[in-house]
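Engineer: pasting the sequence and the predicted coordinates here, then a few questions.
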Amino acid sequence: QVQLVESGGGLVQAGGSLRLSCAASGRTLSSYTMGWFRQAPGKEREFVAAISRWTGSSTYYADSVKGRFTTSRDNAKNTVYLQMNSLKPEDTAVYYCAADSRWRAVVDGAHVLQYRGQGTQVTVSS
């Protein structure tokens, strides 16, 4: 079993930055593709970013965040990060991380992923 805990959310003004962390316990994350998703009130869950397993040599982003968000991983710390810059009010949502052994399942936003955290709130004021 893998337990994922997100942190780093909060309230920020438009144009600001936040860095989210997703820390794992239970087993190592290195063999999992990691993804970030978000869900705003009344909206469907949205894929945000993914990073490949092991070295994280491959990343993939939703068009809505490309050029502003960056995901990375530190396997030694068993943690994945989402650096969010140039934040916009429309980025407001609960952000959560997920882990799955299947790259396509993550980037396609499969309904069921192997593990996911509880989420952290990000609020961007205008």
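Structural biologist: Looks like it came in fine.

Engineer: bridged to residue 81, which residues?
Structural biologist: When bridges are assigned using DSSP bridges, the partners listed for residue 81 are residue 21, residue 72.

Engineer: burial count for it?
Structural biologist: Residue crowding around residue 81 was assessed by other C-beta atoms under 10 Å; the count is 20. The way it works is simple: take the backbone N, C-alpha and C, and place the C-beta from them, glycine included.

Engineer: state the pLDDT value of it.
Structural biologist: What the model reports as pLDDT for residue 81 is 98.

Engineer: check contacts around it.
Structural biologist: The neighbours of residue 81, taking C-beta atoms under 8 Å, 6 or more residues apart in numbering as the test, are 19, 20, 21, 22, 71, 72, 73, 74.

Engineer: what do you get for residue 7?
Structural biologist: Contacts of residue 7 were listed using C-beta under 8 Å, 6+ apart, and they are 20, 21, 23, 120.

Engineer: could you dump those residues to TSV with neighbour count?
Structural biologist: Putting the contacts of residue 7 into TSV (neighbours: other C-beta atoms under 10 Å) gives the following:
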residue	neighbour count
20	24
21	17
23	17
120	21
